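Participant: My questions are about this predicted structure, shown below with the sequence.
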Amino acid sequence: MRSFVMPAIFDSLVHRQHLTPHKAWRVTFIVPFILITSTAIAMLILCDDTPTGRWSDRHAAVQQNLAAHNVGGVVEVPGAITDKGPATTEASEEGDVKLKLDSKTHGSFDREIELGEDEMITIARGEVIQSPTWGEALPVIFSLPSLTLALTYFCSFGGELAINSILGAYYLKNFPHLGQTGSGRWAAMFGLINVITRPLGGFVGDLIYKYTHSLWAKKFWIHFLGVVTGAFLIAIGVSDPHHLPTMIGLIAGMAVFHEAGNGANFALVPHVHPFANGIVSGLTGATGNLGGIIFAIIFRYNGKHYGRVFWIIGIMHIAINLSVSWIRPIPKGQVGGR
């Protein structure tokens with residue numbers, strides 16, 4: 001929508017309000033400022049702390065899940081992971097919170113592979129989100145599975161940000177007859193496809209896992225998208241199309257795989273260090289933004305040679321995805337996340 005709305009506002013300010021282009025662009029940016037600020041305030045006021053509700057009650061979802069499978073007993077969770085433990089339990093004063101299950105009977109979850117109660121409780125304990133500390137965060141951040149997600153998102157989201165920022169200029173350079181507004185409209189297609197392809201990437205990743213029960217398969221999906229995206233980027237960069245339908249077709253094809261990679265990446269994120277999901281999510285997202293900066297710098301120092309940068313980024317996509325494809329999807333011996 002940015003590529004549709006911003007040029008339209010700019011044109012209106014220049015032609016109807018008679019502002020200079022220099023001032024018009026500055027005034028135009030008031031619109032995204034209002035939208036971003038309003039969204040941030042709405043999220044702060046209206047959204048829950050976590051998908052399961054309040055942060056202080058996050059252990060309750062695990063308790064209910066175990067109780068639903070008729071698993072009795074007590075799950076001990078380190079006190080560091082809760083803001084305030086129940087005041088009625090003696091364990092909370094000692095730094096431990098005991099999650100008491102209502103079920104009085106002991107059983108096992110009836111499915112193809114039965115898990116014992118002890119194993120289910122251990123897994124549940126490993127999936128309760130812990131309040132982060134540096135001592136726990138650093139091993140998570142520097143583990144190979146976490147770095148793999150960060151690097152693949154560096155490519156997918158970082159590339160998307162950088163390409164979004166120059167695509168209108170690229171269309172204008174190769175097709176001057178489109179003008180600034182027309183170029184912006186065709187460039188907007190890249191972002192609009194994201195509405196479908198990003199969730200589709202995550203959906204397909206979950207679908208693959210549903211039928212294969214393999215995290216390796218889910219991870220392969222990420223690398224497949226990254227490599228195909230790289231191939232499209234190289235094709236665009238080498239051919240540097242001056243035929244509009246060819247340009248549109250290549251950009252659209254690249255966008256499908258490129259943006260699906262974002263969703264596929266975050267389909268795997270919850271499996272990696274589930275007790276530190278916030279750290280893994282934050283690391284992945286931040287590295288994606290870093291990728292946007294790095295790729296934008298490459299565009300900056302290549303001037304209007306947009307095609308050259310496209311094939312450079314394409315090679316980086318393929319090289320990075322292949323270089324981390326051998327890494328296990330989750331740490332060896334990890335409890336939970338499967």
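Facilitator: That came in fine, so what should we check first? Numbers count the residues shown, from 1 in each chain.
Participant: For the residue nearest the centre of the chain, which non-adjacent residue is spatially closest?
Facilitator: What sits nearest the mean C-alpha location of the chain, by C-alpha atoms, centre = their mean, is F266, with 4.6 Å. Distances taken as C-beta to C-beta, 6 or more residues apart in numbering put G202 closest to F266, at 6.0 Å, once the chain neighbours are dropped. Any C-beta I mention is one placed from the backbone N, CA and C, and that applies to glycine too.
Participant: how close does L244 sit to C47?
Facilitator: According to C-beta to C-beta, to the nearest Å, L244 stands 42 Å off from C47.
Participant: More neighbours: the two, which one.
Facilitator: L244 (14 against 8; other C-beta atoms under 10 Å).
Participant: residue contacts, the more buried one?
Facilitator: F175 (C-beta atoms under 8 Å, 6 or more residues apart in numbering).
Participant: now it: how far from G184?
Facilitator: If you go by C-beta to C-beta, the gap between L244 and G184 works out to 15 Å.
Participant: ok, now I315?
Facilitator: For I315 relative to G184 (C-beta to C-beta), the value is 28 Å.
Participant: In terms of neighbours, single out the busier of those two.
Facilitator: G184 (24 against 14).
Participant: Kindly provide the distance from the more buried one to V5.
Facilitator: 9 Å.
Participant: cool, and P329?
Facilitator: 40 Å.
Participant: between the two, who's got more neighbours?
Facilitator: Shown here are P329 and V5; by other C-beta under 10 Å, P329 has more neighbours (21 against 15).
Participant: Check which helix or strand that one maps to.
Facilitator: Under the criterion DSSP states H and E, no helix or strand holds P329.
Participant: Pretty sure it sits against H271.
Facilitator: Yes: P329 lies in contact with H271 (C-beta atoms under 8 Å); the separation is 6.7 Å.
Participant: What pLDDT is listed against N265?
Facilitator: On pLDDT, N265 comes in at 96.
Participant: If you could redo that for K23, that was the one I meant.
Facilitator: 87.
Participant: how about it, secondary structure?
Facilitator: helix (DSSP: H, G, I helix; E, B strand; the rest coil).
Participant: Quick check: it vs F29, distance?
Facilitator: K23 is 11 Å from F29, by C-beta to C-beta.
Participant: and if you look at Q334?
Facilitator: For Q334, the distance to F29 - C-beta to C-beta - is 45 Å.
Participant: higher neighbour count, those two?
Facilitator: Higher neighbour count among Q334 and F29: Q334, with 18 against 12, using other C-beta under 10 Å.
Participant: Using the three-state scheme, assign the more buried one.
Facilitator: Q334 - assigned by three-state DSSP - is coil.
Participant: so where is the stretch 1-150 of the chain shaky, pLDDT-wise?
Facilitator: 1-4, 51-52, 55-131 (pLDDT under 70).
Participant: Who are the contact partners of S323?
Facilitator: Contacts of S323 (C-beta under 8 Å, 6+ apart): none.
Participant: How about P199?
Facilitator: If you count contacts by C-beta under 8 Å, 6+ apart, then P199 has G263 around it.
Participant: Which strand or helix spans it?
Facilitator: helix 179-212.
Participant: from the chain's centre, how far out does that helix sit?
Facilitator: 13 Å (C-alpha atoms, centre = their mean, to the nearest Å).
Participant: repeat for stretch 166-181
Facilitator: 29 Å.
Participant: Also stretch 319-332?
Facilitator: 17 Å.
Participant: Alright, I will stop here.
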